[in-house]
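model this:
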Amino acid sequence: MPRDLWKDAEAQARNDLEGLVYRTNLLGRDHGLVDGCAGNTSARLVELDHTGRSVEVLWMQSPGTAMSAMTRQGFAGLRLAEVLALLGRSEVTDAELADYLAHCAFTLDRPRPPVEALLHAAIPARHVDHTHPDAVLSLASAASGRELCRALWGAKAIWVDYLRPGFALGKEVRDRLRADSRAGVLVLGKHGLVTWGDTSRECYQRTVQAIQEAEDFIQSRRQGRTAFAGTKVPPLPPDERRQILVQVLPGLRGSLSRQRPAILQIDDSPQALAFVGSQEAASLSQAGAGCPEHVVRIGYRPLFVDWTPADGVSALPDRLAGGVASFVAGYKAAVEQSGRGAEPVHDPCPRAILIPGLGVITSGADVQAADLSRRIYRQAIRVMEGSQVLDRFAGMSAQEAYDVEVWPLAPDEFGLRPPSGALAPSEGGLAGRVAVVTGGACGIGRATARRLAQDGAHVAILDINLEGARQVADEISARHGPGRSTGLPCDVTDEAAVARAFARVIEVYGGVDIVVSNAGISIMSAIDETTADMWDRLMDVLAKGYFLVSREAFRIWKAQKMGGSLVYVSSKNAVFAGKNTSSYSAAKAAELHMARCLAEEGGSWGIRVNSVLPYAVMEGTALWDSGLRQARAASYGIQPEELDEHYRQQTALKVSVYPEDVAEAIRFLAGPESSRTTGGVLTVDGGVGAYVR
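Predicted coordinates for the structure are as follows:
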């Protein structure tokens, strides 16, 4: 049900362009009306140009930003008279249209206008809304959509058969409205809803009213009908679903990461589970996309996996891998048969995978894209459900969908890249990668998590200090985007806790690419004062903990078949002798030699294992807050406050080593720049001699 969020007091306090921003934001708050960057709004306003003359300007929302987040800078201004003049031509190519509209710009500091500006200009009203509401898309994607719209709205509505956005659509809308000026609703077949009004409020309320009428119409036709013809595969219990998905998602992610690493999202909502387990899911899911936005976000069709729980979990990995391979081969064959294979083609892998009993898995270049695909496919299910209630869902044909995918203007028109003149988000060498950092709540771990995120990685922060881990994760997500980091509890000495933490990372992102084993403690004392408990504690955290983390990483990487990068944060104590450090140094030496052995073991799988050896990193870490500073100062016969300078003077460079210095080394070893390095050891110690007193 659409929500009428309009408040006169808020709207009247804004000038004309701010009023358009207000209306756009209201529409964007309701995902039932628009989702992602879909839909657009416009207003015709009189402005003063650079000469002081009054000019009628079409302010048009440019793609690339969600309606809910749109600001005045997101609207392109076009000289309306010049735009309307274009409609007098008989034919205009897409390239000519885009170039022409760019020359109609009223101001030079705004994004490029979308080609749908011609559609808005063709409607003789001051304010226009173009939305993709579920109920109207159900009408627009039904086999008898034209007749259904006539039954609902009569002469009030104009139906236009599907046309890709551009000159032909704009001209068709202009001609239809000239022939029937009584219309107040425009339904674009397999595309969406267009409404208009003389005031912003009138336009908004007509949008809400039309959507409500469409919803009521669908509801009146239900009469107890089951849209998806009953259940074939019931949903598995939540715990069982989770266990199965944790087993199979890494392998699926490997199959989907042909062009670049994919991030996965799980939709096991009741709606998703009901659809994938329904009698008609296998056929209906292949009936085409409901609108161009669905093609762009989730492809012409999803991959439906021919599997049921009765087949056994062991059969699922092969079904997934085979399904992806078959999907890719079919996509490439369709491109070749089209005779237009030289044109740009999207990633041939499926972007939505339907698994009966388990749910829908969506993929994307990052977590935001994967989540948007998840929301879009959930909308696709609602649209199919409505069409089935009314008649029969009949989505876009394969040719129509392909024409959208290879459309040269698609990246701009659907917000797949920033508008012209905007800065693209930085995409470093770790884009699409998933990193796990143990001990990430402070010190080296925190600095490493920040550094990996800076270069595009999604970062899972594991720490026994859950509050600290979540604080770092929240900071990273606030800076780099929602969901880019997650904080998880993990005691690396607890086998079950390590397994749970990695399982959760798989649930959140689909797999793992980089693991930084960093969690640690430091207990230093003379050998005759070292207790067995102290020894066991050091070995538990620094040796057993690194072993347990490495084992989970290797298991995932072997299933994923994408290689992997494991970085151990060891210490100069692993190779250099030091007074009163025998137990700690022995544990660190165990780490270092284990890393070398794992480098040999993982090589054939493309798994690289390297180590960094820091020295006396004292800033920002909790290790030095537990009496260690006092103990080390006493062993050197100095005061605790003199310890920093003491360590600095022991280095050849006479420098202190900071967490960020170590993080930079880890970033190098974790990323593609060191793709030919494994079993390596990189010191970050300022130049420490072979013996430190």
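
Can you pull out the low-pLDDT segments for this structure?
Using pLDDT under 70 as the threshold, the predicted model of the chain has low-confidence ranges 31-37, 338-345, 415-427, 618, 620-629, 631-632, 689-693.

and stretch 656-676, how far from the chain's centre?
Here the centre of stretch 656-676 is set off from its chain's centre by 26 Å, with CA atoms, centre = their mean, to the nearest Å.

Just the terminal-to-terminal distance for that stretch.
Chord length of stretch 656-676, first to last residue, is 30 Å (CA to CA, to the nearest Å).

List the buried residues of that stretch.
Neighbour counts using 16 or more other CB atoms under 10 Å place 656-663, 665-667, 669-671, 674 of stretch 656-676 among the buried residues. Glycine gets a C-beta too; all of them are placed from N, C-alpha and C.

Now A102. Nearest residue, chain neighbours left out?
Taking CB to CB, 6 or more residues apart in numbering as the measure, A102 lies nearest to R112, with 6.1 Å between them; neighbours along the chain are not counted.

Kindly report the same for R484.
Using CB to CB, 6+ apart and skipping residues adjacent in sequence, the residue nearest R484 is S477, 5.0 Å away.

Residue ranges of each domain in this protein, please.
Domain assignment for the chain by automatic domain parsing gives 8-222, 238-413, 434-686.

What backbone torsions are found at the residue lying closest to T683 once chain neighbours are set aside?
In space, T683 comes closest to L613 once its chain neighbours are excluded; the distance is 4.7 Å by CB to CB, 6+ apart. For L613, the backbone dihedrals (degrees, to the nearest 10) come out as phi -120, psi 90.

cool, and A76?
phi -90, psi 140.

do the same with N15
phi -80, psi -180.

gap between it and E47?
Remark: distance between N15 and E47 (CB to CB, to the nearest Å) = 11 Å.

could you pull out the strands for the stretch 1-150 of the chain?
Across the stretch 1-150 of the chain, reading from the start of the chain, the strands by DSSP state E, counting those that start in this stretch fall at 40-48, 54-61, 75-79, 127-131.

got the ones you listed as CSV, with distance to G357 and mean neighbour count columns?
As requested, the strands of the stretch 1-150 of the chain are exported to CSV (distance: least, CB to CB, whole Å; neighbours: other CB atoms under 10 Å):
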stretch, distance to G357, mean neighbour count
strand 40-48, 39, 21
strand 54-61, 41, 22
strand 75-79, 46, 24
strand 127-131, 34, 26
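
Output the ones you listed in TSV; the columns should cover distance to D366.
Output for those, formatted as TSV (distance: least, CB to CB, whole Å):
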stretch	distance to D366
strand 40-48	24
strand 54-61	24
strand 75-79	26
strand 127-131	26
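
Look at the residue nearest to A102 and say how many residues are nearby.
Residues lying near R112 (other CB atoms under 10 Å) number 18.

how near is it to L97?
Distance, R112 to L97, using CB to CB: 12 Å.

Equivalent analysis for L5, please.
Applying CB to CB to L5 and L97 gives a distance of 34 Å.

Which residue of these two possesses the greater neighbour count?
Of the pair L5 and L97, L97 is the one with more neighbours under other CB under 10 Å, namely 21 against 15.

which stretches of the stretch 501-650 of the chain form helices?
Counting by DSSP state H, counting those that start in this stretch, residue ranges of the helices within the stretch 501-650 of the chain are 532-539, 545-560, 582-602, 628-636, 643-649.

Kindly report the same for the stretch 201-350 of the chain.
Assigned by DSSP H, counting those that start in this stretch, the stretch 201-350 of the chain shows helices spanning 238-256, 270-276, 281-284, 292-298, 316-338.

Relative to S200, which of these is closest?
With CB to CB as the criterion, S200 lies closest to helix 292-298 of these, at 24.1 Å.

Could you name the helices and strands sitting against the closest one?
Using 3 or more CB pairs under 8 Å, 6 or more residues apart in numbering; DSSP states H and E as the contact criterion, the secondary-structure elements in contact with helix 292-298 are helix 367-390, helix 398-405.

Please write out the alpha-carbon positions of the last one in CSV.
Read it as helix 398-405. As requested, C-alpha coordinates have been extracted for helix 398-405 and formatted as CSV (Å, rounded to 0.1, in the frame of the first residue of the first chain):
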residue,chain,number,x,y,z
ALA,A,398,15.1,-12.2,-25.0
GLN,A,399,15.7,-9.7,-27.8
GLU,A,400,14.2,-6.8,-25.8
ALA,A,401,16.4,-7.7,-22.8
TYR,A,402,19.5,-8.1,-24.9
ASP,A,403,18.9,-4.7,-26.6
VAL,A,404,18.9,-3.2,-23.1
GLU,A,405,22.1,-5.0,-22.0
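
circling back: out of the buried residues of stretch 656-676, which sit inside helices?
P659, E660, D661, V662, A663, A665, I666, R667, L669, A670 (DSSP state H).

Return the member of these nearest to G686.
Nearest to G686 among those, counting by CB to CB, is D661 at 8.9 Å.

what's the distance between the residue with the largest distance to the centre of the chain and A589?
Among the C-alpha atoms of the chain, the one most distant from their mean position (CA atoms, centre = their mean) is that of D528, at 54.8 Å. To A589, D528 is 20 Å away according to CB to CB.

Just the buried residues of stretch 675-691, please?
Counting neighbours by 16+ other CB under 10 Å, one finds that the buried residues in stretch 675-691 are T678, G679, G680, V681, L682, T683, V684, D685, G686, V688.

and the residues you listed as a markdown table, adding distance to E213 and secondary structure?
What follows is these, written out as a markdown table (distance: CB to CB, whole Å; DSSP: H, G, I helix; E, B strand; the rest coil):
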| residue | distance to E213 | secondary structure |
| --- | --- | --- |
| T678 | 64 | coil |
| G679 | 68 | coil |
| G680 | 67 | coil |
| V681 | 70 | strand |
| L682 | 66 | strand |
| T683 | 71 | strand |
| V684 | 66 | strand |
| D685 | 72 | coil |
| G686 | 73 | coil |
| V688 | 76 | strand |
